[in-house]
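**Q** How does the following fold in three dimensions:
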Amino acid sequence: MRKTNIVPWTKEWDIVYKQEETILKELFKDELIYIFHIGSTSVQAIGYAKPIIDILVVVKEIENVDLYNEELRKIGYEPKGEYGIPGRRYFPKGKENRTHHVHIFQVGNEHINAHLDFKEYLIKHPEDAKRYGDLKLKLAKQFPDNHYKYQMEKQGFVNELVEKAKSWALQ
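**A** Alright, predicted model coming up:
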């Protein structure tokens, strides 16, 4: 079972993201529309995160992403298909010691704005971001050896933030 590893936010995550962005831009150059750093490592105000860089890639045609599976394997990514989210392609890197999660959607998919609105909401509402970071830290201490329990326990708060972000984005 994966351990829960939450560490203080660091600007190094921006550097690690930029390095991976360069690699992924080159790899997907014919399909790529946009690429974004998302998740807790992209929002300093959260204060704490798992040291895993989440990357959102927007492509022209989602089915064409499957043609890149072998190239992605060569640079350490594991193709997981939709992995529970229709219309997505998901690629973790690093096996049990994950370093990156790549989430790929076709341009126009509703999940793109949901991810971007969530990030922007937390940047514009640092008090909610801090509450999120504090919860992550508390739950990591409570469930250090059970990452799945940690994820389950924080999901209610995340859902609340997603709804706030959705409403905020419509204003």
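**Q** most residues in a single helix of the chain, which one?
**A** helix 147-170 (DSSP state H).
**Q** quick one: the residue nearest the centre of the chain and Leu161, what's the gap?
**A** Closest to where the C-alpha atoms of the chain average out (Cα atoms, centre = their mean) is Asp54, at 3.1 Å. Here Asp54 is placed at a distance of 15 Å from Leu161 (Cβ to Cβ, to the nearest Å). No exception for glycine: its C-beta is placed from N, CA and C like everyone else's.
**Q** for His103, same thing?
**A** Per Cβ to Cβ, His103 is found 18 Å from Leu161.
**Q** what's the answer for Glu120, then?
**A** Counting by Cβ to Cβ - Glu120 and Leu161 are separated by 12 Å.
**Q** Of these two, give the one with the bigger neighbour count.
**A** Shown here are Glu120 and Leu161; by other Cβ atoms under 10 Å, Leu161 has more neighbours (18 against 15).
**Q** Next one, pLDDT for that one please.
**A** Reading off the confidence values, Leu161 has pLDDT 98.
**Q** circling back: alpha carbons of the longest helix of the chain, as PDB, please.
**A** Extracted in PDB, the C-alpha atoms of helix 147-170 (Å, rounded to 0.1, in the frame of the first residue of the first chain):
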ATOM      1  CA  HIS A 147      -2.900   6.600   1.100                       C
ATOM      2  CA  TYR A 148      -6.400   5.400   0.100                       C
ATOM      3  CA  LYS A 149      -7.900   6.300   3.500                       C
ATOM      4  CA  TYR A 150      -6.200   9.700   3.200                       C
ATOM      5  CA  GLN A 151      -7.800  10.200  -0.200                       C
ATOM      6  CA  MET A 152     -11.200   9.100   1.000                       C
ATOM      7  CA  GLU A 153     -11.200  11.400   4.000                       C
ATOM      8  CA  LYS A 154     -10.300  14.500   2.100                       C
ATOM      9  CA  GLN A 155     -12.700  13.900  -0.800                       C
ATOM     10  CA  GLY A 156     -15.700  15.600   0.900                       C
ATOM     11  CA  PHE A 157     -13.700  18.800   1.300                       C
ATOM     12  CA  VAL A 158     -12.300  18.600  -2.200                       C
ATOM     13  CA  ASN A 159     -15.900  18.200  -3.500                       C
ATOM     14  CA  GLU A 160     -16.900  21.300  -1.600                       C
ATOM     15  CA  LEU A 161     -14.000  23.300  -3.100                       C
ATOM     16  CA  VAL A 162     -14.900  22.000  -6.600                       C
ATOM     17  CA  GLU A 163     -18.500  23.300  -6.200                       C
ATOM     18  CA  LYS A 164     -17.200  26.700  -4.900                       C
ATOM     19  CA  ALA A 165     -14.800  26.900  -7.900                       C
ATOM     20  CA  LYS A 166     -17.600  26.100 -10.300                       C
ATOM     21  CA  SER A 167     -19.900  28.800  -8.900                       C
ATOM     22  CA  TRP A 168     -17.000  31.300  -8.700                       C
ATOM     23  CA  ALA A 169     -16.100  30.600 -12.400                       C
ATOM     24  CA  LEU A 170     -19.600  31.400 -13.500                       C
END
